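Trainee: could you work out the structure for the sequence below:
(2 chains)
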Amino acid sequence: GAVVSQHPSWVICKSGTSVKIECRSLDFQATTMFWYRQFPKQSLMLMATSNEGSKATYEQGVEKDKFLINHASLTLSTLTVTSAHPEDSSFYICSARLAGGPPETQYFGPGTRLLVL
Amino acid sequence: GQQLNQSPQSMFIQEGEDVSMNCTSSSIFNTWLWYKQDPGEGPVLLIALYKAGELTSNGRLTAQFGITRKDSFLNISASIPSDVGIYFCAALKGGSEKLVFGKGMKLTVNP
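Mentor: Okay, the predicted model is just below:
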């Protein structure tokens, strides 16, 4: 089946530093990848939609300069949290949609837990 | 952002019991989905529903797409300990690729 990986699985960083999270589709091509944020005991909230070769589309209230998204290939999207602060601590989950597949066919990664001290 | 109203928020049941959960919305959706999320993992798709009134089963799981297209329910029969986790409903509007999620229901199964 379709597998999506994320790296790292968890990261602890100091306030003010930048953190890069990778999302890879391992056995399929994904023209579209999605980035979600999930706070403890909360639902997944869509942050941005990432299309290969074009600029990401951010949801209302998500700062594009703070959460930099790059989707350079059909199997890799990266999310960089710039100048991270404690309030950015969260569980970040990506999903990848099979190229040409229906919109509901999103395969989720295992998530990356970010703790900013 | 828009969210689905999912209930109950949590349930504690004995192994072997059935459990039901539902999601409602004030908006119409074209696709309803049910996911399970284990701690520290991403959601895994359990069932997808595409037509109003559709009733779909996947093993011990049964889900239905409401006639009004504004709700869906998921039923788990004869629960087992590995059913423990958080169950999310999600939905898609026609022409959209953005999933909207419910707040989740935490299921605990006592052996």
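
Trainee: around chain B, which positions in chain A sit nearby?
Mentor: A:4, A:6, A:32, A:34, A:41-46, A:49, A:59-61, A:93, A:95, A:97, A:103-104, A:106, A:108-111, A:113 (C-beta under 8 Å from any C-beta of the partner chain). C-beta coordinates here come from the backbone N, C-alpha and C atoms, glycine included.

Trainee: so which of those residues belong to strands?
Mentor: A:4, A:6, A:32, A:34, A:44-46, A:49, A:93, A:95, A:97, A:106, A:108, A:113 (DSSP state E).

Trainee: got the residues you listed as TSV, with pLDDT columns?
Mentor: Converted to TSV, these look like this (pLDDT from 0 to 100):
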residue	pLDDT
A:Val4	94
A:Gln6	97
A:Thr32	92
A:Phe34	95
A:Leu44	92
A:Met45	93
A:Leu46	94
A:Thr49	94
A:Ile93	96
A:Ser95	95
A:Arg97	90
A:Gln106	89
A:Phe108	94
A:Arg113	96
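
Trainee: can you list the low-confidence ranges for the chain?
Mentor: Answering for chain A, as no chain was given. Low-confidence segments of chain A, defined by pLDDT under 70: A:1.

Trainee: my bad, chain B
Mentor: For chain B, the stretches with pLDDT under 70 are B:1-2.

Trainee: list the contacts for the residue in it positioned nearest to chain A?
Mentor: Nearest residue of chain B to chain A (C-beta to the nearest C-beta) works out as B:Gly42 at 3.4 Å. Residues near B:Gly42 by C-beta atoms under 8 Å, 6 or more residues apart in numbering or on different chains: A:Val4, A:Gln6, A:Ile93, A:Ser95, A:Phe108, A:Gly109, A:Pro110, A:Gly111.

Trainee: mind redoing it with 10 Å?
Mentor: A:4, A:6, A:36, A:38, A:44, A:91, A:93-95, A:106-112, B:35 (C-beta atoms under 10 Å, 6 or more residues apart in numbering or on different chains).

Trainee: please apply the same query to A:Tyr107.
Mentor: Listed by C-beta under 10 Å, 6+ apart, the contact set of A:Tyr107 reads A:1-4, A:25-28, A:30, A:33, A:94-98, A:101, B:42-45.

Trainee: which of those residues are buried? Put it as a PyMOL command.
Mentor: Remark: buried members of these, expressed as a PyMOL selection using 16 or more other C-beta atoms under 10 Å in any protein chain shown:
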select buried, (chain A and resi 2+4+25+28+30+33+94+95+96+97+98+101) or (chain B and resi 42+43+45)
